[in-house]
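In: generate a structure from the sequence data that follows.
(2 chains)
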Amino acid sequence: MRKAFVIKVENKPGVLYRLVNVFYKRKINISAVNVIELKNKLVSQVSITAEVEEEIAKKIAKQIYKIIEVISVHLAEANK
Amino acid sequence: MKITGSQAVIESLIKEKVRVIFGYPGGANMPIYDALYDYKDRIRHILVRHEQGATHAAEGYARVTGKAGVCFATSGPGATNLVTGIADAMMDSVPMVCITGQVASHLIGSDAFQETDVIGITSPITKWNYQITKVEEIPEVFAKAFFIAQNGRPGPVVIDITKDVQFKIIDFKYPKNYKVKKLLPTTLSEKILKQAAEIINQAKKPYMIVGHGALISNTSKSLTKFIEKVDLPTALTLHGLGAISAFHKNYVGMVGMHGNYSPNKLTNQADVIIAVGMRFDDRVTSTISTYAPKAKIIHIDIDASEIDKNIKTYFGIVGDANTVLTRMYKFLKKNDHSNWLNEFKIMESYAKKIVDAQPKRTKITQQEVISMISDKTKGEAIIVADVGQNQMFAARFYQYKNPNSYITSGGLGTMGFALPAAMGAKIAAPKKQVIAVIGDGGFQMTIQEMGTIFQEKLPLKILILNNEYLGMVRQWQELFFEKRYSFTNLKNPDFITISRGYGIPAKLVTDKNKLEKAVDKFLSDDGPTLLEVRVEKENNIFPMIPSGAAVDEVVIK
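Out: Next up is the predicted model:
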């Protein structure tokens, strides 16, 4: 299933590296990444799309939330 | 207060009540070491012989005190030498703060001398890491690092500081009560605790498995009360040893690949399993599809990502073990599960007979040595075990009476852990007897720390169980690879001479009837001392769950 992880993070160097590591650790290939700075520039929104089973996606979302700079994680079905 | 960045580093450590640093100086952290020179009366620095030793010593220190262990290393090789210990601390939830020097900020990215991307290398194995390139960042980054390392599920943090920052001037002010909100305890609803207690109250065969999280949350008292009220058969994981006394009537043994027989076997008979501060590691569950099929699993863990990670739980409670157990207590019904508890005891004594009845050995066995030390120290010593057979014998045959008294590398399984970790443990608990239990293989991985022990006059006891093999791998080769002993035999140096070369008195025992006298002397000697015991070369640790088997397919011989 194609899943979108919509993640709000502190806008700092190295955070994206930690995020993609969670996927890499499980050998999941990322099909799309998008990073935008939100208005105040203190927060960025990272959207990561990948082909992941529902069960695994939930585990990944929890592991992403453990990253100190992560503010929130939302999991959604992604459009093909 | 206007001070240099280097002084700010040390002042920050003082604010965090750091008493000991394990480290090694080099080009990129020399200003920090220079600042440290003026703080010799307030902070003890232990000069290790290899940075890996610093990390394991910091782990040993942290495991005894519950406070973050601190390491210093220089850039490049200094920092990369920390990697094994950082990964080890990450796997075993050990609070640690490593401070690495880095090349000057204008050189970063230029492949400068002794430059490495420390943040990149350590990101997958740290709870948090940060590179300081501005002197003003120091106070807050340190406060944050210590908070992160020590709160929630503990773990290692790396702070990388460029050399130019170490020279710059800062108006130093340390933040008060710095907190990272997401690591603060979550609120627990009474309703959830009550529901969980109901499940436990109604259980016919409830069973508790307790891990390292219980020790981290310092819950031994509440835990014991909980167990006694419900009359729960209770097993411990490798890292949970000591969470309740091995002499407690409800204690049934250790779970896992080389755990006791009955706690593994009866896992699959339990109707409710209460898992406290443990993470259903594959060494505990063996094959997941056949694990605890009859049980409703109540999983209590501070790390939300552990719930449902490996084992589907019936009920997950995210919270600090001590808080959860203490608050759930009033909802528990006083119960009697003596018949169920007896099943464990009967099965265990059956298994013990078979294990004990194995062919009589003429040489000393590892089991004999550990049992003897356990009896003579009455289960009160701190045992720091390495990895392999020695680790499993030390786990199984020493009767741990107190929390935080069995220290080993569980998750990463790092050979060479014990000698440096024992240094940290001894510094943390100078009045306790600290015994490093090490095989001949692991000893040679961090043997250089003998120099640190000598220089610091650390009065710890080093027990070498020498079977001239990489014993655990050899055991597997015997059982699963048709005895093809591929590169597991070791031609060892004379450990006694080596030890004496380091100024540490040493004794060798080969003869069974001289063992007791040697052990007595080993335990009563002041100062650092080493005892090498030549043990049976091809002795196996049983019971054992072969990989791919179910927990109830545990074999005794």
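In: how would you label the closest residue to chain A within chain B: helix, strand or coil?
Out: Nearest residue of chain B to chain A, counting by C-beta to the nearest C-beta: B:S305, 3.8 Å away. All C-beta spots, glycine's among them, are computed from the backbone N, C-alpha and C. Following DSSP: H, G, I helix; E, B strand; the rest coil, we place B:S305 in the helix state.
In: what sits closest to it if chain neighbours are left out?
Out: Excluding the flanking residues, the one nearest B:S305 by C-beta to C-beta, 6 or more residues apart in numbering or on different chains is A:K62, at 3.8 Å.
In: then B:G319?
Out: Using C-beta to C-beta, 6+ apart, the nearest residue to B:G319 is B:L188, at 5.1 Å.
In: nearest residue to residue 72 other than its sequence neighbours?
Out: Just so you know, I chose chain A. A:K8 (4.7 Å).
In: hmm, no, I was thinking of chain B.
Out: B:G23 is the one closest to B:F72 (C-beta to C-beta, 6+ apart), at 2.9 Å.
In: quick one: that neighbour and B:G69 touch, right?
Out: No: between B:G23 and B:G69 there is no contact under C-beta atoms under 8 Å: 11.0 Å.
In: pull the contacting residues for B:E536.
Out: B:R361, B:K363, B:I364, B:T365, B:Q366, B:N467 (C-beta atoms under 8 Å, 6 or more residues apart in numbering or on different chains).
In: in JSON lines, list these along with distance to B:L460 and pLDDT.
Out: Shown next, in JSON lines, are the contacts of B:E536 (distance: C-beta to C-beta, whole Å; pLDDT from 0 to 100):
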{"residue": "B:R361", "distance to B:L460": "29", "pLDDT": "74"}
{"residue": "B:K363", "distance to B:L460": "26", "pLDDT": "92"}
{"residue": "B:I364", "distance to B:L460": "22", "pLDDT": "95"}
{"residue": "B:T365", "distance to B:L460": "24", "pLDDT": "94"}
{"residue": "B:Q366", "distance to B:L460": "20", "pLDDT": "96"}
{"residue": "B:N467", "distance to B:L460": "22", "pLDDT": "97"}
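In: in CSV: these, plus neighbour count and distance to B:R283.
Out: Formatted as CSV, these follow (neighbours: other C-beta atoms under 10 Å in any protein chain shown; distance: C-beta to C-beta, whole Å):
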residue, neighbour count, distance to B:R283
B:R361, 14, 27
B:K363, 16, 29
B:I364, 23, 27
B:T365, 20, 23
B:Q366, 26, 19
B:N467, 25, 22
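In: surely the residue nearest to B:S305 is within a helix?
Out: Yes: using three-state DSSP, the secondary structure at A:K62 is a helix.
In: number of residues surrounding it?
Out: Number of residues near A:K62 (other C-beta atoms under 10 Å in any protein chain shown) recorded here: 18.
In: do the same with B:G319
Out: Neighbour tally, B:G319, other C-beta under 10 Å: 21.
In: ok, it - contacts?
Out: Contacts for B:G319 (C-beta under 8 Å, 6+ apart) come out as B:P185, B:T186, B:L188, B:I300, B:I302.
In: need the phi and psi values for it.
Out: Here is the backbone geometry of B:G319 (degrees, to the nearest 10): phi 170, psi 170.
In: what do you get for B:D552?
Out: According to degrees, to the nearest 10, B:D552 has phi -90, psi 10.
In: now B:V20
Out: phi -140, psi 140.
In: from B:F142, how far off is it?
Out: Counting by C-beta to C-beta, to the nearest Å, the gap from B:V20 to B:F142 is 16 Å.
In: neighbour count: these two, which is higher?
Out: The residue with more neighbours, out of B:V20 and B:F142, is B:F142; 27 against 20, by other C-beta under 10 Å.
In: so of the contacts of B:E536, which ones are in helices?
Out: B:Q366 (DSSP state H).
In: ok, the residue lying closest to B:S220 once chain neighbours are set aside - how many residues close by?
Out: Using C-beta to C-beta, 6+ apart and skipping residues adjacent in sequence, the residue nearest B:S220 is B:P403, 4.9 Å away. If you count neighbours by other C-beta under 10 Å, B:P403 ends up with 22.
In: hang on, isn't B:P403 packed against B:N218?
Out: Yes: counting by C-beta under 8 Å, B:N218 is a contact partner of B:P403 at 7.5 Å.
In: would you mind listing what in chain A touches chain B?
Out: Chain A has residues A:G14, A:Y17, A:R18, A:N21, A:K25, A:K58, A:K59, A:K62, A:Q63, A:Y65, A:K66, A:I68 near chain B, with proximity defined as C-beta under 8 Å from any C-beta of the partner chain.
In: just the helices in chain A please.
Out: Using DSSP H, helices in chain A cover A:15-25, A:54-65.
In: so which of the ones you listed gets nearest B:I3?
Out: helix A:15-25 (30.7 Å; C-beta to C-beta).
In: using PDB, list the CA coordinates for that closest one.
Out: The C-alpha coordinates for helix A:15-25 follow below in PDB (Å, rounded to 0.1, in the frame of the first residue of the first chain):
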ATOM      1  CA  VAL A  15      16.600  16.000  10.800                       C
ATOM      2  CA  LEU A  16      15.800  14.700   7.300                       C
ATOM      3  CA  TYR A  17      18.700  12.300   7.600                       C
ATOM      4  CA  ARG A  18      17.200  10.800  10.700                       C
ATOM      5  CA  LEU A  19      13.800  10.500   9.100                       C
ATOM      6  CA  VAL A  20      15.000   8.700   6.000                       C
ATOM      7  CA  ASN A  21      17.100   6.400   8.200                       C
ATOM      8  CA  VAL A  22      13.900   4.900   9.800                       C
ATOM      9  CA  PHE A  23      12.900   3.800   6.300                       C
ATOM     10  CA  TYR A  24      16.300   2.700   5.200                       C
ATOM     11  CA  LYS A  25      16.700   0.600   8.400                       C
END
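In: so what's the residue nearest to B:S305 up against?
Out: B:A304, B:S305, B:K309.
In: quick check: it vs B:E306, distance?
Out: For A:K62, the distance to B:E306 equals 9 Å [C-beta to C-beta].
In: please apply the same query to B:N129.
Out: Taking C-beta to C-beta, one finds B:N129 at 22 Å from B:E306.
In: pLDDT on the biggest helix by length in chain B, on average?
Out: Ranked by number of residues, the top helix in chain B under DSSP H is helix B:338-356. Averaging pLDDT along helix B:338-356 yields 94.
In: grab the nearest non-local neighbour of B:Q269.
Out: Nearest non-adjacent residue to B:Q269, counting by C-beta to C-beta, 6+ apart: B:K205, 6.0 Å away.
In: my read: the one you found touches B:V272, true?
Out: Yes: the criterion here is C-beta under 8 Å, and B:K205 meets it with B:V272 at 7.3 Å.
In: so between those two, which is more surrounded?
Out: Each of B:K205 and B:V272 has its neighbours counted (other C-beta under 10 Å); B:V272 has more, 25 against 18.
In: what pairs with that one across the strands?
Out: B:P206, B:K296 (DSSP bridges).
In: residues in contact with it?
Out: By C-beta under 8 Å, 6+ apart, the neighbours of B:V272 are B:I199, B:I200, B:A203, B:K205, B:P206, B:Y207, B:A295, B:K296, B:I297, B:I298.
In: ok, the third one - contacts?
Out: Contact partners of B:A203, counting by C-beta under 8 Å, 6+ apart, are B:D271, B:V272, B:K296.
In: what do you get for the last one?
Out: Residues in contact with B:I298 (C-beta under 8 Å, 6+ apart) are B:A196, B:I199, B:I200, B:V272, B:I273, B:I274, B:A275, B:T313, B:Y314, B:F315, B:G316, B:I317.
In: just the pLDDT for the residue of chain A found nearest chain B.
Out: When distances are taken as C-beta to the nearest C-beta, chain A reaches nearest to chain B at A:K62, 3.8 Å away. We have a pLDDT of 97 for A:K62.
In: ok, now the one 3 residues further on?
Out: At A:Y65 the predicted local distance difference test score is 97.
In: give the contact list for the residue lying closest to it once chain neighbours are set aside.
Out: In this structure, A:Y65 finds its nearest non-sequential neighbour in A:V73, 5.1 Å apart by C-beta to C-beta, 6+ apart. Counting by C-beta under 8 Å, 6+ apart, A:V73 touches A:F5, A:V6, A:I7, A:A61, A:I64, A:Y65.
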